[in-house]
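**Q** following is a predicted model, sequence given first.
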Protein chains: 2
Amino acid sequence: MTYIVLEWGDDTDGTAMATRDGKGADLRRSLTLLWEGGARGQRGPRPRLTVERIAHAAVEIADADGLEALSMQRIAAELGYSTMSIYNHIPSKDLLLEVVADVAAGRPPELGGETDFREAVRRWAGALWAGFQARPWLLRVPLDHAPVGPNQLAWLDRLLQPLLAAGLVGGEARAAALHLTAVVRGTAQISADMSTARGTDGEFPRDGVELARALAEVVDPDGYPALAAVHAAEIAGDDLGHRRPDGVLPAELSFGVDRFLDGVESWTAARTSRDG
Amino acid sequence: MTYIVLEWGDDTDGTAMATRDGKGADLRRSLTLLWEGGARGQRGPRPRLTVERIAHAAVEIADADGLEALSMQRIAAELGYSTMSIYNHIPSKDLLLEVVADVAAGRPPELGGETDFREAVRRWAGALWAGFQARPWLLRVPLDHAPVGPNQLAWLDRLLQPLLAAGLVGGEARAAALHLTAVVRGTAQISADMSTARGTDGEFPRDGVELARALAEVVDPDGYPALAAVHAAEIAGDDLGHRRPDGVLPAELSFGVDRFLDGVESWTAARTSRDG
DNA sequence: CTAAAACTATGTACGTCATACGTTTATTAT
DNA sequence: ATAATAAACGTATGACGTACATAGTTTTAG
């Protein structure tokens, strides 16, 4: 897997690429950067720096010190080059981050032997979850568009397989894949620090319990009746909150994913019985 | 709804608040900042700046020029104060962003008259989706922990109501709410620029079609069999891809949400028939 | 074999950012 | 009146992304 910049032009056009939040989410631009072109330049010195080396250094930095420590200067220093040399290989930090995110994602899990589509999906989600646990900084890489990197696409492809096998047709499978990706990402994002944080009074923080307690100190429960009810159940210790992870999926993910898969299953079942 | 800083201390403790990605996701700290305390300082000049004024100015800036234009200097300039005056009211930009996100979220939709829990959830999701369309920069505000702001909690509470009404118990309802929030957020994030971007060859970009085409130019389909199959269906124009939004929910969200609600429904149905 | 073309790397410089710190100014409790 | 206290300001610092001009190196055309 090599990442080579084919060309990225002069941006002289610059008309419409400021999309309200700037940072030009130019798909074509990302694609040319992310995909290998093999053939390298013809004349001139053989490049000693490459996009790949840069990206790997960046991943190491982020792994070690988090995303906010990932600066162009730091990368250059780590590799023993001047800051500006980086820009001979990458047009901007935004695009670098795209490459870095793809490299850091790594290859998707092997689900080969799995015949039960539900179990395959659950294992896929578990692997993604584990990935976010291992590299929490990935959750903070700004998302500009649908995945286009080789690894990101591989993850997507792996998920689509069991979904198609389950009987979903093209657009449905895509929607389901997006759905599942979003759920894992979102859940990881929200429970990221809750799992690592220790309770302020030394107590062990189990899922939402700590949060519920903290909120209870400050928030008027009358304004949030449903929330108060849920919190009460949670503090009392209901069936879901304290359940241990059942295999690869953490409890807070498991329920939602399973309900979704239930829905998918009955959807495809209904179609088969409908169409014959 | 007023936001008042009660106190934010000296951070002399500073032991454990560097959570690998820094930016101290200190829950207590956020809570004291986000929730109104009423009683203002006793001595000294009456503050002319307030957290509220600052937050509202910030929202205006982000609305106008995107999140990357939102700097402390810009806020101060907009309000006619010196940059550092802001720090008399907000301890850091990170915390400011939390307040800003809550203010920008606004009040949740009224679902009062809705008896069908599915329709209530769908309307809630549609409203959240619309919110992200109106303020795409909200998707880029870094998420540090579960929602704790008054508006964010109000949104959560509104969603929990129909979920509890549907028969989910405490922890399940919480998981389902997290699930739905994540799905809307994630879908909005990924289809954000796809909906606003024009096709590069002047053609209208319909959902994933443009992306599928662009990828097809570069990616070897053999490496991604399932993906290629889905893309082929999408370009050909399958049942889902070109469907118009059915009401408040866009097509790419609708399928996933509906399957999830199917699953929830059969889950609670199974419980009632089980427990009597 | 040479010379120029093509490309890589570097150094300097600029504008912007968040924010630490010390000073001044306005207000209120005594 | 006066002391206490908080609010606002000015200045300064170090880090950031990156524009731009320059210097250096290697391949290929003649």
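**A** Right, received. Where do you want to start? Numbering: from 1, shown residues only, chains lettered A, B, ... in the order given.
**Q** would whichever strand or helix holds residue A:94 count as contacting DNA strand D?
**A** In this assignment (DSSP states H and E), residue A:94 forms part of helix A:93-105. Yes: Helix A:93-105 lies within reach of DNA strand D by C-beta under 7 Å from any atom of the strand, at A:93, A:94. For every residue, glycine as well, the C-beta is placed using N, CA and C.
**Q** run through who's touching that helix.
**A** Identification of contacts with helix A:93-105 by C-beta atoms under 8 Å, 6 or more residues apart in numbering or on different chains yields A:3, A:8, A:23-24, A:29-30, A:33-34, A:51-52, A:54-56, A:58-59, A:62, A:70, A:72, A:86, A:90, A:131, A:135, A:138, A:141-142, A:144, A:148-152, A:155.
**Q** quick check: buried residues in that helix?
**A** A:93-105 (16 or more other C-beta atoms under 10 Å in any protein chain shown).
**Q** closest residue of the stretch 151-276 of chain A to DNA strand D?
**A** Closest to DNA strand D within the stretch 151-276 of chain A is residue A:218: 20.7 Å, counting by C-beta to the nearest atom of the strand.
**Q** quick one on the thing from earlier: give me the subset of the contacts of helix A:93-105 that lies in helices.
**A** If you go by DSSP state H, these have A:29-30, A:33-34, A:51-52, A:54-56, A:58-59, A:62, A:72, A:131, A:150-152, A:155 in helices.
**Q** residue ranges with poor pLDDT in chain A?
**A** Within chain A, the segments meeting pLDDT under 70 span A:1-29, A:31-33, A:36-45, A:192-208, A:238-247, A:276.
**Q** what residue is smack in the middle of chain A?
**A** Closest to where the C-alpha atoms of chain A average out (C-alpha atoms, centre = their mean) is residue A:185, at 5.4 Å.
**Q** show me what counts as buried in stretch A:144-153.
**A** Applying a neighbour-count criterion of 16+ other C-beta under 10 Å, the buried positions in stretch A:144-153 are A:144, A:145, A:146, A:147, A:148, A:149, A:150, A:151, A:152, A:153.
**Q** what about the first one, distance to residue A:67?
**A** Same thing as residue A:144. For residue A:144, the distance to residue A:67 (C-beta to C-beta, to the nearest Å) stands at 15 Å.
**Q** and for the fifth one?
**A** Distance, residue A:148 to residue A:67, using C-beta to C-beta: 20 Å.
**Q** can you check the fourth one too?
**A** Here residue A:147 is placed at a distance of 18 Å from residue A:67 (C-beta to C-beta).
**Q** for the last one, same thing?
**A** Distance of residue A:153 to residue A:67, given as C-beta to C-beta: 23 Å.
**Q** do the second one as well
**A** Distance, residue A:145 to residue A:67, by C-beta to C-beta: 19 Å.
**Q** from the buried residues of stretch A:144-153, which single one is nearest residue B:119?
**A** residue A:146 (29.2 Å; C-beta to C-beta).
**Q** you'd agree the closest one is in a helix?
**A** No: going by DSSP: H, G, I helix; E, B strand; the rest coil, the assignment for residue A:146 is coil, not a helix.
**Q** all helices for the stretch 101-250 of chain A, in order.
**A** Listed in chain order, the helices of the stretch 101-250 of chain A (DSSP state H, counting those that start in this stretch) span A:117-134, A:150-165, A:170-196, A:208-218, A:225-236.
**Q** what helices and strands are in contact with the fourth one?
**A** Applying 3 or more C-beta pairs under 8 Å, 6 or more residues apart in numbering or on different chains; DSSP states H and E, one finds that helix A:208-218 contacts helix A:170-196, helix A:225-236, helix B:27-34.
**Q** quick one: buried residues of the first one?
**A** Right, the one you point to is helix A:170-196. Under 16+ other C-beta under 10 Å, the buried positions of helix A:170-196 are A:170-194.
**Q** elements contacting that helix?
**A** By 3+ C-beta pairs under 8 Å, 6+ apart, helix A:170-196 packs against helix A:117-134, helix A:150-165, helix A:208-218, helix A:251-275, helix B:170-196, helix B:225-236, helix B:251-275.
**Q** repeat that with 10 Å
**A** If you count contacts as 3 or more C-beta pairs under 10 Å, 6 or more residues apart in numbering or on different chains; DSSP states H and E, helix A:170-196 packs onto helix A:117-134, helix A:150-165, helix A:208-218, helix A:251-275, helix B:170-196, helix B:208-218, helix B:225-236, helix B:251-275.
**Q** counting neighbours, what do you get for residue A:250?
**A** When neighbours are defined as other C-beta atoms under 10 Å in any protein chain shown, residue A:250 has 22 of them.
**Q** what about residue A:232, how many residues nearby?
**A** Applying other C-beta under 10 Å, we find 14 other residues in the vicinity of residue A:232.
**Q** surely it meets residue A:212?
**A** Yes: the criterion here is C-beta atoms under 10 Å, and residue A:232 meets it with residue A:212 at 8.3 Å.
**Q** how close does residue A:257 get to chain B?
**A** Noted for residue A:257: a distance of 8 Å to chain B, by C-beta to the nearest C-beta, to the nearest Å.
**Q** got the contact list for the closest residue to that residue other than its chain neighbours?
**A** Closest residue to residue A:257 apart from its sequence neighbours, by C-beta to C-beta, 6 or more residues apart in numbering or on different chains: residue A:125 at 5.7 Å. Residue A:125 sits next to A:159, A:180-181, A:183-184, A:187, A:248-250, A:253-254, A:256-257, A:261 when contact means C-beta atoms under 10 Å, 6 or more residues apart in numbering or on different chains.
**Q** and the stretch 101-250 of chain A, which residues reach DNA strand C?
**A** So the stretch 101-250 of chain A never meets DNA strand C (C-beta under 7 Å from any atom of the strand).
**Q** how is chain A divided into domains?
**A** Per the record, chain A has its domains at A:27-105, A:117-207+A:242-275, by automatic domain parsing.
**Q** list the contacts for residue A:177?
**A** Residues near residue A:177 by C-beta under 10 Å, 6+ apart: A:121, A:124, A:155-160, A:162-164, A:168, B:226-227, B:230, B:256.
**Q** what do you get for residue A:270?
**A** Shown in contact with residue A:270 (C-beta under 10 Å, 6+ apart): residue B:262.
**Q** could you do residue A:78 as well?
**A** If a contact means C-beta under 10 Å, 6+ apart, then residue A:78 has A:54, A:57, A:58, A:60, A:61, A:64 as its contacts.
**Q** that concludes my questions; thank you for your assistance.
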